[in-house]
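In: Need a 3D model of the following:
(one chain, ligands or ions: 3)
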Amino acid sequence: MHKIAVLPGDGIGPEVMEQAVRVLDSIAEKYSQTFEYSFSEVGGIAIDKFSTPLPEKTLKICEDSDAILFGSVGGPKWENLPPEKQPERGALLPLRKHFKLFANLRPIKVFKPLSQACSLKEEFFEEGIDIAIFRELTGGIYFGEPKYVSEDGTHAVDTMKYSKDEVIRIAKLAFEAARIRGKKVMSVDKANVLMSSVLWRKVVTKLRDEQYPDIELSHMYVDNAAMQLVRNPSQFDVILTGNMFGDILSDEAAMLTGSLGMLPSASLNEEGFGLYEPIGGTAPDIAGQNIANPTAQILSAALMLRYSFGMDEAATDIECAIEKTLAEGYRTGDIFYGKDSEKRVSTTEFADAILEKL
Ligand code: NAD
Ligand code: IPM
Ligand code: MN
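Out: Ligands and ions are numbered 1, 2, ... in the order given. Predicted coordinates for the structure are as follows:
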């Protein structure tokens, strides 16, 4: 039996989460497993109901679970609250910190039937796109202190800070992953300007020299990396980077796969406990219409099966069902280009097509 804290959140969160749970139900039956779901409020919906984005009860449910399946939080309705009370700063970031989820894995993989949905012409990625982004998630400028807006409102401060140990633990995971992939790590930083990046580069290089001599390590400045991702994405195998750069580069990389609605993520701590969520947000522009792409949420559930429950075969099963669904031409609006071979479908219909294949 696996206990899952299910936190749909706001915007499209509940719509895509419903589909992910249907897929999990089907997997439970097929693989004779039991998933016990504890649904709980987080983000804006929790503010509306309980006046706090991360109620004690929600945190307790997460603590008592084997994994957290997270939707997304935030939206225009809560944007004018004091910063610390908003869904993102008041719930998502504290959850990441509370569970020490320092490693955010964002796999960027193009499903073959979607290669034409990539924002690039096919000749730019003839060698394929299969990138694993390792984003440090509990440090850097997101969490460094001091952090404030001055009382008179004349200035504000964020602090970009990294310790040697924080760099080592995320870098190790990136090198380990590279060992079973293409044996290449690209560390992305801004060492020509930021002192935290000077340390980052030094620590990563030393770790490679001492423990991973079999891995080819290169370094790239983040501005160049943003450009290289659209110039020649096939050059990347594992990308290792800090919190903010990883956030930005992964949204950019999402368009290589056709849509932000395609990409899942796993956020893990040192004990292997994980929170699984789409890399994108609550998509307020399309929320409530049953048109969002549920793939990122469903793939996040697949990552949960793989990393938290050791159910690799079931995870692969889901990934194959999605590939087949795309091959048959099913497309939600974000990946629909009007070709004869494509069928434009709703969130629910897309999930129906996946479920048929499981
Ligand atoms: P967003 O990721 O919500 O949306 C960006 C664009 O991508 C929109 O056009 C949206 O329609 C599209 N998109 C995203 N997911 C999609 C899907 N599954 N299917 C189809 N299209 C999809 O980013 P934003 O508009 O900058 O942010 C909206 C809110 O979400 C903000 O409050 C932001 O803070 C929050 N957010 C939350 C998370 C999270 O909870 N993990 C992540 C990112 C943004
Ligand atoms: C993400 C999101 C979050 C981040 C926000 C909502 C705090 O953009 O998970 O990519 O910046 O980490
Ligand atoms: Mn982001």
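In: CA atoms for contacts and neighbours, from now on please.
Out: Will do.
In: Kindly state the beta-bridge partners for Ala132.
Out: Judged by DSSP bridges, the bridge partners of Ala132 are Pro107, Val238.
In: residue ranges of the strands in the stretch 51-200 of the chain, please?
Out: Per DSSP state E, counting those that start in this stretch, the stretch 51-200 of the chain carries strands over the ranges 67-72, 103-109, 130-136, 144-149, 156-159, 184-189.
In: and among these, the most buried is which?
Out: With neighbours defined as mean count of other CA atoms under 10 Å, those peak in mean count at strand 67-72, which reaches a mean of 27.
In: near ligand 2 at all, that strand?
Out: No: on the criterion CA under 6 Å from any ligand atom, strand 67-72 is out of touch with ligand 2, staying 7.6 Å away.
In: helix or strand right after that strand?
Out: helix 87 (DSSP states H and E).
In: ok, for the closest residue to ligand 2 within the stretch 101-250 of the chain, nearest residue in space, not its chain neighbours?
Out: Proximity of the stretch 101-250 of the chain to ligand 2 (CA to the nearest ligand atom) peaks at Asp247, 5.0 Å away. Spatially, and ignoring its direct neighbours in sequence, Asp247 is nearest to Arg135 (7.5 Å; CA to CA, 6 or more residues apart in numbering).
In: Wait, the one you found touches Val238, no?
Out: No: Arg135 is not in contact with Val238 according to CA atoms under 8 Å; the separation is 10.5 Å.
In: residues touching Ser65, list them.
Out: 2-5 (CA atoms under 8 Å, 6 or more residues apart in numbering).
In: any idea what sits nearest it, other than its immediate chain neighbours?
Out: In space, and not counting its chain neighbours, Ser65 is closest to Lys3: 4.9 Å by CA to CA, 6+ apart.
In: And the pLDDT for Ser346?
Out: On the pLDDT scale, Ser346 is placed at 98.
In: how about the helices in the protein?
Out: 13-30, 44-50, 56-63, 87, 93-98, 164-179, 195-211, 222-231, 243-254, 295-307, 312-327, 347-357 (DSSP state H).
In: Identify, out of those, the most deeply packed stretch.
Out: helix 87 (a mean of 28).
In: How about that one and ligand 1, touching?
Out: No: Helix 87 lies apart from ligand 1 when judged by CA under 6 Å from any ligand atom; the minimum separation is 7.7 Å.
In: So the residue nearest to Ser65 is in contact with Tyr37, correct?
Out: Yes: assessed by CA under 8 Å, Lys3 is found in contact with Tyr37 at 6.1 Å.
In: what is in contact with the two at once?
Out: In contact with both Lys3 and Tyr37: no residue, using CA under 8 Å, 6+ apart.
In: still on that earlier bit, now distance to Gln116 too, for the helices of the chain, in a markdown table please.
Out: Listed next are those as a markdown table, based on distance: least, CA to CA, whole Å:
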| stretch | distance to Gln116 |
| --- | --- |
| helix 13-30 | 24 |
| helix 44-50 | 36 |
| helix 56-63 | 39 |
| helix 87 | 35 |
| helix 93-98 | 35 |
| helix 164-179 | 28 |
| helix 195-211 | 36 |
| helix 222-231 | 15 |
| helix 243-254 | 14 |
| helix 295-307 | 17 |
| helix 312-327 | 12 |
| helix 347-357 | 19 |
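In: Run through who's touching stretch 309-322.
Out: 2, 27, 31, 295, 299, 302-303, 305-306, 354-355, 357-358.
In: and if we set it to 7 Å?
Out: Stretch 309-322 has contacts (CA atoms under 7 Å, 6 or more residues apart in numbering) with 27, 299, 302-303, 305-306, 354, 357-358.
In: wait, what's in contact with the residue most central in space within the chain?
Out: The centroid of the chain falls nearest to Ser265 when counting by CA atoms, centre = their mean (2.9 Å). Residues near Ser265 by CA under 7 Å, 6+ apart: 104-106, 276-279, 300.
In: Show me what it is bridged to.
Out: Taking DSSP bridges, one finds Glu277 as the beta-bridge partners of Ser265.
In: ok, so what distance separates the spatially most distant residue from the centre of the chain from Gln86?
Out: Within the chain, Asp152 marks the point farthest from the mean C-alpha position, 36.8 Å out by CA atoms, centre = their mean. As defined by CA to CA, to the nearest Å, Asp152 lies at a distance of 21 Å from Gln86.
In: How about Ala314?
Out: 36 Å.
In: related to what we said a few turns ago, contacting residues for the residue nearest to Asp247?
Out: Arg135 is in contact with 103-105, 240-243, 246, counting by CA under 7 Å, 6+ apart.
In: So this structure: which segments form each domain?
Out: With domains defined by automatic domain parsing, the chain comprises 1-104+262-358, 119-256.
In: Does ligand 1 have contacts with the shortest one?
Out: No: for domain 119-256, no contact with ligand 1 is found by CA under 6 Å from any ligand atom; the gap never falls below 8.1 Å.
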